[in-house]
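Trainee: my questions are about this predicted structure, shown below with the sequence.
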Amino acid sequence: MPTPDPAAHERTRAYARVIGPYVAVFTAVIALRLPDMTAVVDDLFAQPLMVWMLGAMMLAGGLVVIGGHRHWRGPLAVAVSLFGWFVALRGLALIVAPAAMDAGVQATLDSPAALTTARLLFGGLAVVGLLLAWAGWRGGRAAPVPGGAAR
């Protein structure tokens, strides 16, 4: 089995330092505010240009993570890579099928059981974001630098 590339490990931690806090904050706020977001969702999907731009930005952001993080060794690396793929595919779905995305969101907001499930899912994702942030920011053992110098 090949040894893990220290640069890939550091890149994974760098992505986790950015993605973790973002996911933790954003999904926690959604979990708390989801029942009140009907107007926000209605306003967003009433403006096709905004949906198109959001989809384009999500697709681009996901592709940046996919292209910059091609490492799948270990749970942290898998979580970072899956995040990139999820964001890219969700952005693509917003561009290709905005009506289907709108219908799915509306169905979730209209059903008390689906709303509760979505809130629990977003709460769980907030915990995953905290774990990513912790793994990205925690002080790990420094990898040896070529030439024998310590970091």
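Mentor: Received, thanks.
Trainee: pick out the residue nearest the middle of the protein.
Mentor: Residue closest to the average C-alpha location in the chain (Cα atoms, centre = their mean): residue 83, at 4.3 Å.
Trainee: residue 18 is in contact with that residue, correct?
Mentor: No - Residue 83 lies out of contact with residue 18 (Cβ atoms under 8 Å); the separation is 10.2 Å. Backbone N, C-alpha and C define where each C-beta goes, glycine included.
Trainee: look at the residue nearest to the centre of the chain and report its pLDDT.
Mentor: Note on residue 83: pLDDT of 94.
Trainee: element containing it, please.
Mentor: Element membership for residue 83 (DSSP states H and E) is helix 75-96.
Trainee: buried residues in that helix?
Mentor: 76-77, 79-81, 83-84, 87-88, 91-95 (16 or more other Cβ atoms under 10 Å).
Trainee: which ones are touching residue 137?
Mentor: If you count contacts by Cβ atoms under 8 Å, 6 or more residues apart in numbering, residue 137 has them with 17, 20.
Trainee: and it, what pLDDT?
Mentor: Residue 137 is given a pLDDT of 91.
Trainee: shaky segments in this structure?
Mentor: In the predicted model, the chain carries pLDDT under 70 at residues 1-4, 139-151.
Trainee: and the top helix by length along it, what does it pack onto?
Mentor: In the chain, taking DSSP state H as the definition, the longest helix is helix 6-33. Where contact means 3 or more Cβ pairs under 8 Å, 6 or more residues apart in numbering; DSSP states H and E, helix 6-33 is packed against helix 48-68, helix 75-96, helix 112-137.
Trainee: reformat these as JSON lines; add distance to residue 9.
Mentor: Below are these laid out as JSON lines (distance: least, Cβ to Cβ, whole Å):
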{"stretch": "helix 48-68", "distance to residue 9": "14"}
{"stretch": "helix 75-96", "distance to residue 9": "8"}
{"stretch": "helix 112-137", "distance to residue 9": "11"}
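Trainee: send me the helix holding residue 83 as CSV with only the CA atoms.
Mentor: C-alpha atoms of helix 75-96 as CSV (Å, rounded to 0.1, in the frame of the first residue of the first chain):
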residue,chain,number,x,y,z
PRO,A,75,-12.9,9.7,6.5
LEU,A,76,-11.9,13.4,6.4
ALA,A,77,-10.8,13.2,2.7
VAL,A,78,-14.0,11.3,1.8
ALA,A,79,-16.2,13.9,3.5
VAL,A,80,-14.4,16.7,1.7
SER,A,81,-14.7,15.0,-1.7
LEU,A,82,-18.3,14.1,-1.2
PHE,A,83,-19.1,17.7,-0.3
GLY,A,84,-17.6,18.8,-3.6
TRP,A,85,-19.6,16.3,-5.6
PHE,A,86,-22.8,17.1,-3.7
VAL,A,87,-22.5,20.8,-4.3
ALA,A,88,-21.6,20.3,-8.0
LEU,A,89,-24.6,18.0,-8.6
ARG,A,90,-27.0,20.2,-6.7
GLY,A,91,-25.8,23.2,-8.8
LEU,A,92,-26.3,21.2,-12.0
ALA,A,93,-29.8,20.2,-10.8
LEU,A,94,-30.7,23.8,-10.2
ILE,A,95,-29.6,24.7,-13.8
VAL,A,96,-31.1,21.6,-15.5
